[in-house]
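Visitor: Model the following, please.
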Amino acid sequence: MTKDEFIFKSIKDGKGYAESLALWNQGHNSIRGEWTINIAESEQLVLESVEALNEYWGMKVRPLMSWGRSRTSSWGGYGGGKISLAMKRHVPADGDTRDVHLFSEYSSFAKSPTIGTFNGSWQDCLACLVAHEHAHCHENAVNHEDSWRDVYRWNRVTLKLNPSS
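Guide: The predicted structure follows:
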């Protein structure tokens, strides 16, 4: 169950928003299990990245961050400007001391010097995921006026996330 779904259900059950959010936060670290150390940093990074891209493109994209055990895929451009991110796939578990993580891209442009697959910090990989999904939101919002790859390239440049840099 996502955070939004949990809060909606709690409010429907008669609890206020603040109480529902407190209940979510109280039990959420145990739900996320081995992902406790990097939670706040990763969620803040997502919010800051989305804010920067929203400002650049003049959009109001909203991120949904899912820590569900079975979530392996992320989506962008659905439900009126939302991106849904599979956080556990991109945020290292407690005790993971690797400095380098892999951000994989579609095979059709994985070798691109500006928008391709690269090795970097988990923070850069997560920000790239945001850039990728935000580009899908832009693509849907403007009815494919711009090429998705061009928007994605600009997103990566805006967030200073390029394999060749």
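Visitor: so residue 63 sits in a helix?
Guide: No - counting by DSSP: H, G, I helix; E, B strand; the rest coil, residue 63 is not found in a helix; it is strand.
Visitor: Now do the contacts for it.
Guide: Residue 63 makes contact with 46-47, 50, 82-85, 130, according to C-beta atoms under 8 Å, 6 or more residues apart in numbering. Any C-beta I mention is one placed from the backbone N, CA and C, and that applies to glycine too.
Visitor: so what pLDDT did it get?
Guide: In this model, residue 63 is scored at 92, pLDDT.
Visitor: What of the one 3 residues further on?
Guide: In this prediction, residue 66 carries a pLDDT score of 88.
Visitor: Next, it: phi, psi?
Guide: When read as degrees, to the nearest 10, the backbone of residue 66 gives phi -110, psi 130.
Visitor: cool, and residue 67?
Guide: Residue 67 adopts backbone torsions of phi -110, psi 10, taken as degrees, to the nearest 10.
Visitor: Could you count how many residues lie near it?
Guide: For residue 67, the neighbour count with other C-beta atoms under 10 Å is 21.
Visitor: where's it relative to residue 134, distance?
Guide: Applying C-beta to C-beta, to the nearest Å, the value for residue 67 to residue 134 is 20 Å.
Visitor: same question, residue 88
Guide: 20 Å.
Visitor: So which of the two has more stuff around it?
Guide: residue 134 (29 against 20).
Visitor: How about the more buried one, nearest residue that isn't a chain neighbour?
Guide: Excluding its sequence neighbours, the residue lying closest to residue 134 (C-beta to C-beta, 6 or more residues apart in numbering) is residue 53, at 4.7 Å.
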